[in-house]
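Peer 1: What follows is a predicted protein model with its sequence.
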Amino acid sequence: MKTLRTVLVIHLLSLTISLSGQHTFSIVATDSITREVGGAGATCLSIDREGFEALIISDLYPGLGAIHTQSYWDAGNQYNAGSRALDGLSAPEIIEWLVGNDVSNDPSIRQYGIALFRPDGSNSAAGYTGSGCLDTKYHVTGRNYSIQGNILIGRQVIDSMERRFLAATGSLADRLMEAMRGAKIPGADKRCLSEGLSSRSSFVRVARPSDSSGYYLDLHVGSTRTGLDPIDSLDVLYKQWKSKTFTSQPSKSKVHLEYLPFLRMIKVIADNEPVNKGHITLFDVSGRQLSGVSKLENGEYQIPDSIQTGIYFARYTKSHEETVTLKIKIP
């Protein structure tokens, strides 16, 4: 955590201004299985016109969470939010603290989205929209995400982002990008309606728990030429990044998991042979790690009777780089 606090201080020193502009729509989220954290967003402000872009609202803390501070953005509030997260506060507790300790004594004009992991590994997410934010203002939260916006053409922008995020499959990065595609609506930030654009700048970023210098994914579009939507530009960058990232990696071993529900057993197999190396970790749907899984012979793992009926995630790990996850239902 010492490294994260150092990064936070450096970030504050580089952002000592207070901006009266609004930052419009964004999402923060965590992934309980991979322990990734991330965020994405856009605004009708850009580097070439106003001198700053949507990315300014976003802070990621690898292994801990993601925080967005928007609407009348202030570096002091953003620093305080991150500092409270490093102190171990939950997302709702951080927002309560921010409302009670606003740097300008006016929390009514602020909007926040926070998604974190609690010390026990479970999710904590919360959003806040002050009554003084410019209409249309709206936020929604779920178990592991918060989506928020202001100066919107309507609530449908946030609702569309949520629907696309929840319906998406794949990695956290894939789901965040899908949420952004859901916001590609002319006038999503209604200041851009006359241009037929959703916004003028955009970003998507994801941090893995092991990230120490730079994030696993960090893409942003600071400005675009006339008539080009920055979410489209971000989508192009994302597809290029994904193609380069996953085609340049060496192939993994063909390990897969088999689940035998009535035996309450998981088998680890590669090339039709049992795999005896590595280990299995079981998580519930909130991301909480469960204990008691016993390693047997021939790549088999026994789930204890103490684990009740429900949906769980079994994660096989052989090394830091090699993991396989299987969603299982215990009858």
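Peer 2: All right, it came through fine. From a predicted model like this one, the values you see are computed outputs, not experimental measurements.
Peer 1: wait, isn't residue 65 in contact with residue 118?
Peer 2: No - Residue 65 lies out of contact with residue 118 (CB atoms under 8 Å); the separation is 9.6 Å. All C-beta atoms are positioned from the backbone trio N, CA, C, and that covers glycine.
Peer 1: Endpoints of stretch 107-125, how far apart?
Peer 2: 19 Å (CA to CA, to the nearest Å).
Peer 1: could you give the mean pLDDT of it?
Peer 2: Mean per-residue pLDDT for stretch 107-125: 94.
Peer 1: Could I get the buried residue list for it?
Peer 2: 107, 109-118, 122-125 (16 or more other CB atoms under 10 Å).
Peer 1: Please apply the same query to stretch 267-274.
Peer 2: Within stretch 267-274, the residues that qualify as buried are 267, 268, 270, counting by 16+ other CB under 10 Å.
Peer 1: pLDDT below threshold where in the stretch 101-250 of the chain?
Peer 2: 247-250 (pLDDT under 70).
Peer 1: Now do the helices in it.
Peer 2: Ranges of helices within the stretch 101-250 of the chain are 156-167, 172-182, 230-247, based on DSSP state H, counting those that start in this stretch.
Peer 1: ok, residue 110 touching residue 133?
Peer 2: Yes - between residue 110 and residue 133 there is a contact under CB under 8 Å: 7.4 Å.
Peer 1: The residue nearest to residue 160 when sequence neighbours are not counted and residue 157, how far apart?
Peer 2: Distances taken as CB to CB, 6 or more residues apart in numbering put residue 182 closest to residue 160, at 4.0 Å, once the chain neighbours are dropped. Going from residue 182 to residue 157 by CB to CB, to the nearest Å gives 8 Å.
Peer 1: returning to that earlier point: lowest-confidence entry in the buried residues of stretch 267-274?
Peer 2: residue 270 (80).
Peer 1: which residues pair with that residue across the strands?
Peer 2: residue 255, residue 273 (DSSP bridges).
Peer 1: Wait, it touches residue 276, no?
Peer 2: No - judged on CB under 8 Å, residue 270 makes no contact with residue 276 at a distance of 10.5 Å.
Peer 1: Pull up the gap between residue 173 and residue 208, please.
Peer 2: Counting by CB to CB, the gap from residue 173 to residue 208 is 10 Å.
Peer 1: Correction: the previous question concerned residue 39.
Peer 2: Applying CB to CB to residue 39 and residue 208 gives a distance of 14 Å.
Peer 1: Looking at the two, which is more packed in?
Peer 2: residue 39 (27 against 18; other CB atoms under 10 Å).
Peer 1: And the pLDDT at residue 21?
Peer 2: At residue 21, pLDDT is 48.
Peer 1: Likewise for residue 6?
Peer 2: 48.
Peer 1: Tell me who's in contact with residue 201.
Peer 2: Neighbour list for residue 201: 42-43, 45-47, 53-55, 220-224, 230 [criterion: CB atoms under 8 Å, 6 or more residues apart in numbering].
Peer 1: Mind listing the residues bridging to it?
Peer 2: residue 43.
Peer 1: For residue 45, see how far away it is.
Peer 2: 6 Å.
Peer 1: What values do phi and psi take at the closest residue to residue 191 other than its chain neighbours?
Peer 2: Of all residues not flanking residue 191 in the chain, residue 44 sits nearest, at 4.1 Å (CB to CB, 6+ apart). Per-residue torsions, residue 44: phi -90, psi 50 (degrees, to the nearest 10).
Peer 1: Next, count neighbours for residue 44.
Peer 2: 26.
Peer 1: Let me know the pLDDT of it.
Peer 2: Residue 44 is given a pLDDT of 94.
Peer 1: ditto for the one 5 residues further on
Peer 2: In this prediction, residue 49 carries a pLDDT score of 85.
Peer 1: Over to residue 2?
Peer 2: Value listed for residue 2 in the pLDDT field: 41.
Peer 1: can you check residue 263 too?
Peer 2: Taking residue 263 on its own, its pLDDT is 88.
Peer 1: From residue 300, how far out is it?
Peer 2: Taking CB to CB, one finds residue 263 at 9 Å from residue 300.
Peer 1: who has more neighbours, these two?
Peer 2: Set residue 263 next to residue 300 and count neighbours by other CB under 10 Å: residue 300 wins out with 18 against 11.
Peer 1: How many residues are close by the residue lying closest to residue 23 once chain neighbours are set aside?
Peer 2: Using CB to CB, 6+ apart and skipping residues adjacent in sequence, the residue nearest residue 23 is residue 70, 3.8 Å away. Other residues near residue 70 come to 29 when the count uses other CB under 10 Å.
Peer 1: How about the contacts made by residue 70?
Peer 2: 22, 23, 24, 26, 41, 57, 110, 111, 112, 113, 148, 150 are the contacts of residue 70 under CB under 8 Å, 6+ apart.
Peer 1: Many thanks, I have nothing further to ask.
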